[in-house]
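# 3D, please:
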Amino acid sequence: MTTHQTIYTPIKPLSAPLTGTLKVPGDKSISHRSVLFSAMAEGTSHLDGVLDSQDVRSSMSVVQALGAQVQLDVQPDGSLAGTVTGWGNEGPRQPDAPLYCGNSGTTVRLLMGVLAPWSIQAQLTGDESLSRRPMARIFTPLQSMGAAFSPEGRSTLPLCEQGGNLHAIEYQMPVASAQLKSAVLLAGVFASGTTRVTEPSCSRNHTELMLPSFGVQVEHGPGWAQVHGGQSMHACDVSVPADPSSAAFMCCAAAITPGSSLRLTQVSLNPARIGFINVLARMGAQIRVEPSGALGAEPYGDIVVQYSPQLTGTTVAESEIASLVDEIPILALVASVCSGATVFEDVSELRVKETDRAQAIIDGLALMGVEATCIGNALHIQGRKSLQVAPGTRFESGADHRLAMTWALAGMCASVEVVVGDFDSVAISYPGFMHDVATLQAAV
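I've put the predicted structure just below:
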């Protein structure tokens, strides 16, 4: 494996407030599932609004290697739309090469559940970052259902998975994780018996909401879900709403940039995904949602946000973390300009993201003179009431797309030029990030 060489990109300050109307790209979590579930189904599914990013293309690539036919083309708005014809009841074919999942944790972890019921053997690989991320929490319950993973004792990629006849389990999840829950449920669709998962707090429920459209009966409630085995999946049409995680970066930037006023349209308003809005509102941000309806079972609508000059620190409870875990880096930047302290009660999950995001947040805020520390699993940030970034500050993203966007906005919103390492990692989730920022400035 080659050693990564950091490339530093200069980021210029904003030339104007962020104003106008914007539709951010399609939801990454829903895009992954639309591709993977369509590949599992019998027939041809029609998809639109799919996020065109490196991570989603990793899912497209692996299902093609397993026998699905994917014809998703770039649309004028930059999204992907088209068809996916699945392998259906015949199951995936034996791949003739390792299944490379790039940087995408969602791809490889859901794929483990997809492959588990079928008598094929697959080598699962990823890039340098993904190969450091823990996989044992995913394959442990799948092993108890009857799948096999090797080499024994290894908890990171590359891993070899051998599927086969599965039996149902009742599984108490050690952490709230939509990826873990989804992997077990997807395996359970083809297992004998009823597979049930419970979790300590509510994680994203996109899998439970989407599977019925593909003909799978799922029963679920707060903190639990179950699926009966022996079901088959059929094709359907999926329209993907805009990604609330991407919208969060624009919302936070507008809230701390004088003169800004934004409307973000057709955003997923799934309650499991918009915890950041509640946190910003508690901080005193002028932010509101305007529901429009539903795409399938997913609610969507607009988010309206304005510059909010007087922000106050808040406590983000452990029970809230799952609904905003990907937004903690940008919320930490907002916390830095609040009066008083902000506490995120449990950031342990940040330790096993693309980087150790908790430590990266502390290090990045320190470059801005902001005091931040972890006490146990809690992240404490002492606000300074104003954004203070020295020109030329060099931020490290660790090739983590969320951190790259956070530190870029630190400089842009502070009206200074900064340098961000591996900024091109934004292509993992939001390839058009800089274009959209420029568009919102031009709206003035």
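
# burial of T9, as a residue count?
T9: 16 surrounding residues under other C-beta atoms under 10 Å. All C-beta spots, glycine's among them, are computed from the backbone N, C-alpha and C.

# Provide the backbone phi and psi angles at E152.
phi -60, psi 140 (degrees, to the nearest 10).

# what's the answer for G86, then?
Dihedral angles for G86 - degrees, to the nearest 10 - are phi -90, psi 170.

# Report pLDDT for it.
Predicted confidence (pLDDT) for G86: 98.

# Spit out the contact partners of the closest residue to it other than its chain neighbours.
Leaving aside its sequence neighbours, G86 sits nearest to A41 (C-beta to C-beta, 6 or more residues apart in numbering; 4.2 Å). By C-beta atoms under 8 Å, 6 or more residues apart in numbering, the contact set of A41 is G86, G88, F214, G215, M233, H234, A235, C236.

# my read: the third one touches C236, true?
What that stands for is F214. Yes. Between F214 and C236 there is a contact under C-beta atoms under 8 Å: 5.6 Å.

# Please say which of these two ends up with more neighbours.
In this view F214 and C236 are compared by other C-beta under 10 Å, and F214 has more residues nearby, 24 against 20.

# ok, the nearest residue in space to the more buried one that is not next to it in sequence to S192 distance?
Nearest residue to F214, sequence neighbours excluded (C-beta to C-beta, 6+ apart): M233, at 4.5 Å. Plainly put, M233 is 17 Å away from S192 if you go by C-beta to C-beta, to the nearest Å.

# more neighbours, those two?
M233 (24 against 16).

# in the stretch 1-150 of the chain, which ranges drop under the pLDDT threshold?
For the stretch 1-150 of the chain, the stretches with pLDDT under 70 are 1-3.

# all helices for it, in order.
With helices called from DSSP state H, counting those that start in this stretch, the stretch 1-150 of the chain shows them at 28-40, 54-65, 105-115, 136-145.

# Need the residues that contact the last one.
Where contact means C-beta under 8 Å, 6+ apart, the residues beyond helix 136-145 that reach it are 109, 112-113, 116, 147, 149, 155, 159, 161, 166-169, 171, 174-175, 177, 179-180, 183-184, 187-188, 191, 195.

# Check those residues for burial and list the buried ones.
109, 112-113, 116, 147, 149, 159, 161, 166, 168-169, 171, 177, 179-180, 183-184, 187-188, 191, 195 (16 or more other C-beta atoms under 10 Å).

# In strands only, show me the residues you listed.
Residues from the buried ones among the contacts of helix 136-145 lying in strands, with DSSP state E as the criterion: F149, L159, E161, Y171, T195.

# of these, closest to W407?
Comparing these against W407 with C-beta to C-beta places L159 closest, at 32.4 Å.

# Would you check that the closest one makes contact with L124?
Yes. Using C-beta under 8 Å, L159 is in contact with L124, at 5.1 Å.

# Give the buried residues for the helix or strand hosting V419.
Secondary structure from DSSP states H and E places V419 in strand 418-421. Neighbour counts over strand 418-421 (16+ other C-beta under 10 Å) mark V418, V419, V420, G421 as buried.

# Adding distance to S59 and pLDDT, write those out as TSV.
Formatted as TSV, the buried residues of strand 418-421 follow (distance: C-beta to C-beta, whole Å; pLDDT from 0 to 100):
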residue	distance to S59	pLDDT
V418	33	98
V419	32	98
V420	27	98
G421	27	97
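
# which of the contacts of A41 lies closest to L130?
Among the contacts of A41, and counting by C-beta to C-beta, the member closest to L130 is G86, at 24.9 Å.

# could you measure the closest one against L403, distance?
35 Å.

# tell me the pLDDT at G284?
pLDDT, G284: 98.

# Would you agree it is in contact with Q306?
No. Counting by C-beta under 8 Å, G284 stays clear of Q306, with 11.6 Å between them.

# isn't there a helix covering V289?
No. In this structure, V289 is strand, not part of a helix, as judged by DSSP: H, G, I helix; E, B strand; the rest coil.

# residues contacting it?
L269, I274, I277, G301, D302, I303, V304.

# what's the burial count for the third one?
This means I277. 24.

# That one and L166, how far apart?
I277 is 39 Å from L166, by C-beta to C-beta.

# and if you look at the last one?
Remark: distance between V304 and L166 (C-beta to C-beta) = 47 Å.

# Same check on the fourth one?
As for G301, its distance to L166 is 39 Å (criterion: C-beta to C-beta).

# Could you give me the buried positions within stretch 285-292?
A285, I287, V289.

# Any chance of those in JSON lines with distance to S79 as columns?
Formatted as JSON lines, the buried residues of stretch 285-292 follow (distance: C-beta to C-beta, whole Å):
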{"residue": "A285", "distance to S79": "28"}
{"residue": "I287", "distance to S79": "25"}
{"residue": "V289", "distance to S79": "22"}
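
# With respect to D363, which of those residues is nearest?
Of the buried residues of stretch 285-292, the one sitting nearest to D363 (C-beta to C-beta) turns out to be A285, at 25.6 Å.

# which ones are touching the closest one?
C251, A255, V305, S308, L311, V334 are the contacts of A285 under C-beta under 8 Å, 6+ apart.

# what does V426 give?
By C-beta under 8 Å, 6+ apart, the neighbours of V426 are H401, A404, M405, F433, M434.

# can I get these in JSON lines with neighbour count, secondary structure and distance to L262?
Shown next, in JSON lines, are the contacts of V426 (neighbours: other C-beta atoms under 10 Å; DSSP: H, G, I helix; E, B strand; the rest coil; distance: C-beta to C-beta, whole Å):
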{"residue": "H401", "neighbour count": "27", "secondary structure": "helix", "distance to L262": "21"}
{"residue": "A404", "neighbour count": "29", "secondary structure": "helix", "distance to L262": "21"}
{"residue": "M405", "neighbour count": "29", "secondary structure": "helix", "distance to L262": "16"}
{"residue": "F433", "neighbour count": "22", "secondary structure": "helix", "distance to L262": "15"}
{"residue": "M434", "neighbour count": "17", "secondary structure": "helix", "distance to L262": "16"}
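
# ok, which pair from those residues is furthest apart?
Across the contacts of V426 (C-beta to C-beta), the longest gap, 12.6 Å, separates H401 and M434.

# quick one: the closest residue to Q94 other than its chain neighbours and C160, what's the gap?
Spatial nearest neighbour of Q94, excluding adjacent residues (C-beta to C-beta, 6+ apart): I120 at 4.7 Å. Using C-beta to C-beta, one obtains 11 Å as the distance from I120 to C160.

# Tell me the buried residues in stretch 42-59?
Applying 16+ other C-beta under 10 Å to stretch 42-59 flags 42, 45, 47-59 as buried.
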